[in-house]
Each structure stands twice: as C-alpha cells, then as structure tokens.
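In: Below are the sequence and a predicted model for it; my questions follow.
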Protein chains: 2
Amino acid sequence: MLTQTAIRSNSNHQFASARAATPVLHRMTGDSERGSLGETMQLMGATMSYPRNTEIFGENEPADYVYKVVSGAVRTYKILTDGRRQVGSFYLPGDIFGLQFADEHVFSAEAITDTKVVVIKRSALTSLAGRDASVSKELLNLTSRELQRMQDRVLLLVKSAQERVASFLLEMAERACANNIVELPMSRQDIADYLGLTIETVSRTLTCRETSCTIEVPSSRRIVLRNRTALNRLNA
Amino acid sequence: MLTQTAIRSNSNHQFASARAATPVLHRMTGDSERGSLGETMQLMGATMSYPRNTEIFGENEPADYVYKVVSGAVRTYKILTDGRRQVGSFYLPGDIFGLQFADEHVFSAEAITDTKVVVIKRSALTSLAGRDASVSKELLNLTSRELQRMQDRVLLLVKSAQERVASFLLEMAERACANNIVELPMSRQDIADYLGLTIETVSRTLTCRETSCTIEVPSSRRIVLRNRTALNRLNA
DNA sequence: CGACCATTTGATATGGATCAAGCGATGTGG
DNA sequence: CCACATCGCTTGATCCATATCAAATGGTCG
C-alpha cells in the first residue's frame, strides 16, 4: 500500500502559459450545465489552450478562476505524501471545474489531451451571484452535483476492482458515448489512479470483461459496451 | 469483497415519529456553522427527538427538510446491493445535514445515540436564500465544505488501514475532543463501515496503535491521543 | 448469575499489489 | 524505408494486507 512506482505524471510546465482569447461560442456535448452560467462564462471569459499534459492550475495555488471545458479533457489530482497520485475527477467538454470555494486549490489540474477551456474570475462570478439570485442558485446546484459525484466516488471506492471498473465504464458511457462506443481520453494510469487501483489490475479486469463478452476493446482508448446489463449487474 | 456478514444496522422504526417542538436555543459545541443559518434554523425550525438507532429519514424519501444536530450524533448510510452498509458521514452537535440538493435523499440517516435535531423545510430555506444573498452564500459555503469533506474521504479511502484509522481519529479529535480525549458516539461497526474496513481490522489497528503507545483505549468508546505527531505521520 | 451484545484476538484465505517480462504501436535517426 | 528506442499496455508469477471464519473476552441489563 505504501510504495508505488513513484510519480508517473510528467507535466511539462513550459507550455502552461496560455495563448490569448478569441472566445469560442459553439456549445459542446457535455451536460454539466443547463442554466445560464455556462453561457455567461463563455461570454465573459477568455478562451485558453493547454497542450496535452500541461498544468492548468496547481495544488495550493490561489483559486482565483473557474473553468469550463470547451474541448479536450482535464484531470484533477493530488500527489500523496508517499508519491502515489490520486485522480480527483475527470472533466469533459461542457463540464465546469475549479469550483471549490476554498482560497486555495486542493487539487492540481492538467490537460489530458490538447484542451481548450474558458476561464472566468471567481470574483466576477461571486459578485454576479450577489446581484443575481439565479446565478447563485446555479452555483449551488453545480456544487451540489459535484458533491453528489464525490459521494458516488466514495461508494465506488469500497467496491471490488470488477465493480469499480464497471462503474467507471458506465460513468464514462453516460458522459462521452456514441451508441455504446466509449472513447477514453485518459490513459490506464489515469484510470487506475482514479479508481484507486493499479494499471495491472485495470488492464486485467478489462481483459476479463472482454473475455466474458461484456465489452470489446478494439484499441486501448476505445471500448465498446456489448452488454450493459451485465455491467450494471457488476456495478452493484 | 462481495460477502460481508449481512446487514448489521438494526433500526427500530417504531420510534421514528417525533415528539413535538419546544425550540432549544442554547448553542452547541460543533463548529459547522459560523453564520446566521444555524441560528435561523433554530428560530424557525422545530426540535425533534430521535432515540438511539431510529431512522431520521430514509434513502429515496423526498428530501423536504434540512436538519441541524442539537445533541447526540447522526450517521448517514446506504445499504449496498450486496448487503454491506457504507456510512456516508457522521454529524455531531452543530452540524447541518440533509443538504443534498436532489429531490430525494441519497443516503438514509439514523440517530447513533439519543439525538435532538432542529428541522426546517428546505423550501423555507431556499425561498429565504432567494431573498437574502447572505443566506444563499452560506448555503453554498456549507455545501462546499461538505464537498471538501467528501474529497477528503476519497483520499482517505485509497490509503492503508493504519492510515484510515489514524485519519479518522484525528478527524474526530478535531470535532469532538476535550484535551486529547476523544469520545466516540459510534460503534466499531459504524467506524468500519465509514472507513471501508471490517470491525476486526479496525479493532486490530487500534490495539496496534495502543501497543505502540500512540493512543490509549480506556473503554471502547473513549480514546486518548497520546502522540498526535505519530498519528499525523500515519495520516500521510 | 446468566443471556446477550460489542469488542478483541487468533488462524486461514484471498483479492489485488508488486515484481518482472513480453508485446504492439508510435516515433526517430540513419 | 527500415532498425531501433520508447512508451503504453498486457500478461504471468509471487507476495502481502486485509477479509473471512471462528472463538474467547468483557461489559451491560434483566
């Protein structure tokens, strides 16, 4: 439990500075927001691009901004004292992140693939919330949903490896799925660190599901769900 | 992983109906709220009593109320499909619970010991929040803090048994400690279900810490912290 | 005192981690 | 265009932390 092959994430911070604005207005696929907040952010915020594996913000940095994914994918994570990495969440297009209302970020955030986000000052958002009850309501809703997701994580983390992986696939299917084909932007290591397992276990579990014809894995980042019922059963 | 000695929580629902009002105004020890919300609830809400092990609300019931613990202690939990129980959170005097902004409760809630809570209609709270920006801000703060706690839980659940128990003791020490003496309202089973371990492992881990003089366990519900530094080290 | 329950302690089993090697895709330099 | 290094992933063998099974102990209430 205590040792694990050290730190594997290799962020190249040299790219972390952003290229400037040109707001992007097309609406992406994610469903993380129905209300005005997403649009508000896209109107008021600046678009920034982050190449693959670059840092968006770091743990303990002041949490001055809120982000919305336009394209690509983001992971938040924390390096534990023993060197292991725990992934907090994955964010896909449409998702809003950086909402933690602490002064400092608790997690770091990195682009998983080349990613565009819109950024807005938290202060702008909170002052807007002070004037507009609907904005503040939406902030609360978003935070509640995030809380909900974290509660689900807690439930997930006490289950067996099979169950965790099944849950993960179903979760991703909810969020980024075109007729049962799930495209995973993240590596096995990311998945493992998200589920609290090792890459070996994730890999083995997937091949096991494949053998039982529950899924197909045509390429490592693409998974076809053959039998959702079976996955749901595992999901417990 | 899949089997576990079935369902151990023995709620006697016959007591679940509440004795009526008589609002209690004295402020309790918990620190879950600094702002006006706690006071507002105590002024507007009704006080209810729940004997030990009775249900306060059930999973899938409409989430119409928000609760504040006046005295006693509360656990929220969920029974998983395989019969295991996962404890979501413990709430101590001063803590507010039932905040989830879903229409239905995701967890059930039970009194751990004889417990008094004040109850307020969620609708009253949200309409108040619509009028008063400071209330809505506080709701957001409370929810954020709950989110924060859940994130900590996630980090906790990927650690070793030693670390989980150490973290738990330190968490409880933060919340219900008089000069290093922690009074635990909950059973070993509650702790185990909270930490995602078995009672045996929790018990063994505690005796191990006791042997190493990090803690003392004069009675099973009372733990004296002898060496916080050592606990913090384990906490990782 | 005796029944009951929570907790501790002991012996054994097992799921997933760890260690180690192989494999396929991608990229790079000659 | 091919040899070769690299990287991400898979597969295999072994080990260990924690679960499971079982029994002893202790505390509480009639």
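Out: Okay, I see it.

In: where does chain A have low pLDDT?
Out: Scanning chain A for pLDDT under 70 picks out the ranges A:1-35, A:236.

In: Give me the helices and strands touching whatever helix or strand A:Val119 lives in, please.
Out: In the assignment (DSSP states H and E), A:Val119 maps to strand A:115-121. Based on contacts counted as 3 or more CB pairs under 8 Å, 6 or more residues apart in numbering or on different chains; DSSP states H and E, the elements that strand A:115-121 packs against are helix A:36-44, strand A:46-50, strand A:65-71. For the C-beta atoms, the positions are set from N, CA and C on the backbone; glycine is no exception.

In: and with 10 Å instead?
Out: Using 3 or more CB pairs under 10 Å, 6 or more residues apart in numbering or on different chains; DSSP states H and E as the contact criterion, the secondary-structure elements in contact with strand A:115-121 are helix A:36-44, strand A:46-50, strand A:55-57, strand A:65-71, strand A:96-97, strand A:108-111.

In: So what angle separates the directions of the longest one and strand A:65-71?
Out: Inter-element angle recorded for helix A:36-44 and strand A:65-71: 90 degrees (by axes from the mean of the first three to the mean of the last three CA atoms, to 10 degrees).

In: helices or strands next to helix A:36-44 in the packing?
Out: Contact analysis of helix A:36-44 by 3+ CB pairs under 10 Å, 6+ apart lists strand A:65-71, strand A:96-97, strand A:115-121, helix A:122-131, helix A:133-157 as its packing neighbours.

In: go with 7 Å
Out: Using 3 or more CB pairs under 7 Å, 6 or more residues apart in numbering or on different chains; DSSP states H and E as the contact definition, the elements that helix A:36-44 packs against are strand A:115-121, helix A:133-157.

In: DNA strand C: which of these is closest?
Out: The minimum distance between DNA strand C and these falls on helix A:133-157, with 10.7 Å, by CB to the nearest atom of the strand.

In: Up against chain B, what does chain A have?
Out: A:1-2, A:78, A:80-82, A:86, A:88, A:100-102, A:106, A:130, A:133, A:136, A:139-141, A:143-144, A:146-148, A:150-151, A:153-155, A:157-158, A:160, A:196, A:236 (CB under 7 Å from any CB of the partner chain).

In: out of the helices and strands packed on helix A:36-44, deepest packed?
Out: Ranked by mean neighbour count under mean count of other CB atoms under 10 Å in any protein chain shown, the helices and strands packed on helix A:36-44 are led by strand A:115-121, which reaches a mean of 22.

In: In the sheet, which strands lie alongside that one, parallel or antiparallel?
Out: Neighbouring strands of strand A:115-121 in its sheet, by DSSP bridges, are strand A:46-50 (antiparallel), strand A:65-71 (antiparallel).

In: Please put the alpha-carbon coordinates of it into PDB.
Out: Backbone C-alpha positions of strand A:115-121 (Å, rounded to 0.1, in the frame of the first residue of the first chain) are rendered in PDB as follows:
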ATOM      1  CA  THR A 115      -7.600  21.200 -24.300                       C
ATOM      2  CA  LYS A 116      -9.400  24.500 -24.600                       C
ATOM      3  CA  VAL A 117     -11.200  26.000 -21.600                       C
ATOM      4  CA  VAL A 118     -12.900  29.300 -20.900                       C
ATOM      5  CA  VAL A 119     -11.800  31.000 -17.800                       C
ATOM      6  CA  ILE A 120     -13.600  33.400 -15.600                       C
ATOM      7  CA  LYS A 121     -12.600  35.200 -12.400                       C
END
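
In: Excluding its own residues, what touches it? List them.
Out: Strand A:115-121 is contacted from outside by A:24, A:41-42, A:44-50, A:64-74, using CB atoms under 7 Å, 6 or more residues apart in numbering or on different chains.

In: Give the buried subset of those as a PyMOL selection command.
Out: Selecting only the buried members of those in PyMOL, with burial defined as 16 or more other CB atoms under 10 Å in any protein chain shown, works like this:
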select buried, chain A and resi 41+42+45+47+48+49+50+65+66+67+68+69+70+71+72+73+74
